[in-house]
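Peer 1: quick one, what's the 3D model for this:
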Amino acid sequence: MAAADLSVILPRVLIVSRRSVRKNKFVDFVGEYHLDLIVSYGAVPVIVPRVTGVHMLLDSFEPIHGVLLCEGEDIDPSLYEADTSNLTPEELEEIRRLHASDTAIDKEKDAIELGLAKLCLERNIPYLGICRGSQILNVACGGTLYQDIGKELTRNVGENEKVVHMDYDNYDGHRHPVRIVENTPLHQWFNDSLNEGEMGIRVNSYHHQGVKRLAQRFVPMAFAPDGLIEGFYDPDAYNPEEGKFIMGLQFHPERMRKPDSEEFDYPGCPSAYKEFAKAVVAYQKKLNCVPESVKLNKEMEKKRKIIVRSFSIARNIYESGHEFNSSKESELAVGAEFLQVTQVNFCQDSRHTRVKIHAN
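Peer 2: The predicted structure is shown next:
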């Protein structure tokens, strides 16, 4: 089979690159472990470059059968309800100094990745978020983040509960314990590695931020001893065989390898990628089964996106309990009008049905 045929047949997983500097020039890159696992489980990774303006061109990457978001800088705190009231200016400056490579905000990457995350949530496209990717998912659904775990969380827990979440001196070798929640996908994947009567494994850690308030739609899958959520998923959007997968992991299972070896710490480490790819394949098959006659034309698809966004804004206002923002009134009106028309049509159909029954 020709390579061109395979590119059409194999499902496409979008992965956004991270920008770095090499030889005084910007370079975009994606960790190779991610790419290897996606390819090995039967999908094609499509790298979305972190280039100015790409967030306006996401439609050009269609068809999208899955999205994998991974490493990157801190998310712009203005995109969620960041609370720095408990941090002094000196502490904020210390955070910027200690984590200089992470605290440099990348607004373009934020825009690209939030756009893709919201697209996945609207269309139920399989989504796997690793580290920053899990934080993007939580923010996209109305959750919040700690500005710095060490300053906000670690100092408020007992000595036996303290956790080092970032160890620059032992970057790849550092591990800390997590407790897996029963009857979750993580439990299923790592079950064979759990000691009898225990629910703990040791994971790697490369982050100074993390989930503070988990968005309402998600369920935790693992906790660090200090209480930080290390993994979560949407149980209503998890069925890989049916193309459903919405999940975030704060740790990096793809990098949990034994020293100087490609062997994983646990047999369950690649399972997130395996099940994600399974969902991606199933999602592509579902799309391909849609008859041409019922596919939306471009104008109808544009209207559908506007209506979906209206409902998404309404749901976020309801779930967060925030006051109504008048700037969103025009967008909310679209959804209200759609509901009104739908209700009128439903009532007319109901009356018509009752008339027919009465006539008979």
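
Peer 1: so who does the residue sitting nearest the centre point of the chain touch?
Peer 2: The centroid of the chain falls nearest to residue 137 when counting by C-alpha atoms, centre = their mean (3.4 Å). Counting by C-beta atoms under 8 Å, 6 or more residues apart in numbering, residue 137 touches 69, 117, 127, 129, 246, 248. In this view, the C-beta of every residue, glycine as well, is placed from N, C-alpha and C.

Peer 1: near the residue lying closest to the second one once chain neighbours are set aside, how many other residues are there?
Peer 2: In space, not counting the residues next to it along the chain, residue 117 is nearest to residue 140; the distance is 4.0 Å by C-beta to C-beta, 6 or more residues apart in numbering. The number of residues packed near residue 140 is 25, by other C-beta atoms under 10 Å.

Peer 1: residue 140 and residue 262: what is the separation?
Peer 2: Separation of residue 140 from residue 262 (C-beta to C-beta, to the nearest Å): 33 Å.

Peer 1: the protein: helices as residue ranges?
Peer 2: Using DSSP state H, the helices of the chain run over 3-9, 32-40, 89-98, 100-103, 107-123, 132-140, 149-152, 185-190, 271-288, 298-320, 329-359.

Peer 1: surely residue 221 is in contact with residue 188?
Peer 2: No - applying C-beta atoms under 8 Å as the test, residue 221 and residue 188 come out as separate, 10.1 Å apart.

Peer 1: okay, the two: which has more neighbours?
Peer 2: Using other C-beta under 10 Å as the criterion, residue 221 and residue 188 rank with residue 221 on top: 24 against 13.

Peer 1: residue 250 - nearest residue in space that isn't next to it in sequence?
Peer 2: Closest to residue 250 by C-beta to C-beta, 6+ apart is residue 230, at 4.7 Å.

Peer 1: let me see the contact set for the one you found.
Peer 2: 178, 203, 221, 222, 223, 224, 249, 250, 251.

Peer 1: cutoff 6 Å now
Peer 2: Listed by C-beta atoms under 6 Å, 6 or more residues apart in numbering, the contact set of residue 230 reads 178, 222, 224, 250, 251.

Peer 1: pull up the gap between the second one and residue 190, please.
Peer 2: Here the criterion is C-beta to C-beta. By it, residue 222 lies 9 Å from residue 190.

Peer 1: picking that back up, so can I have TSV of the contacts of residue 230 showing pLDDT?
Peer 2: Putting the contacts of residue 230 into TSV (pLDDT from 0 to 100) gives the following:
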residue	pLDDT
178	96
222	97
224	95
250	96
251	96
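
Peer 1: distance to residue 161 added to the residues you listed, as a markdown table?
Peer 2: Below are the contacts of residue 230 laid out as a markdown table (distance: C-beta to C-beta, whole Å):
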| residue | distance to residue 161 |
| --- | --- |
| 178 | 13 |
| 222 | 15 |
| 224 | 9 |
| 250 | 17 |
| 251 | 18 |
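
Peer 1: which one of those residues is nearest to residue 97?
Peer 2: Checking the contacts of residue 230 against residue 97 with C-beta to C-beta, the nearest one is residue 250 at 23.2 Å.

Peer 1: number of residues surrounding the closest one?
Peer 2: A count of nearby residues for residue 250, using other C-beta under 10 Å, gives 28.

Peer 1: among the contacts of residue 137, name the buried ones.
Peer 2: Buried subset of the contacts of residue 137 (neighbour count, 16 or more other C-beta atoms under 10 Å): 69, 117, 127, 129, 246, 248.

Peer 1: can you mark which positions in stretch 209-227 are buried?
Peer 2: Buried, per 16+ other C-beta under 10 Å, within stretch 209-227: 209-215, 217-226.

Peer 1: roughly how far apart are the residue nearest to residue 250 and residue 81?
Peer 2: Residue 230 is 22 Å from residue 81, by C-beta to C-beta.

Peer 1: can you check residue 200 too?
Peer 2: 32 Å.

Peer 1: please apply the same query to residue 208.
Peer 2: 19 Å.

Peer 1: give me the more crowded residue out of these two.
Peer 2: Using other C-beta under 10 Å, the more surrounded residue of residue 208 and residue 81 is residue 208, with 19 against 15.

Peer 1: residues in contact with the more buried one?
Peer 2: So residue 208 contacts 99, 148, 149, 166 (C-beta under 6 Å, 6+ apart).

Peer 1: report how many residues lie close to residue 9.
Peer 2: For residue 9, using other C-beta under 10 Å, the count is 11.

Peer 1: pLDDT value on it, please?
Peer 2: pLDDT recorded at residue 9 is 77.

Peer 1: next, the angle from the lengthiest strand in the chain to helix 132-140.
Peer 2: If you go by DSSP state E, the chain has its longest strand at strand 229-239. In terms of direction (axes from the mean of the first three to the mean of the last three C-alpha atoms, to 10 degrees), strand 229-239 departs from helix 132-140 by 70 degrees.
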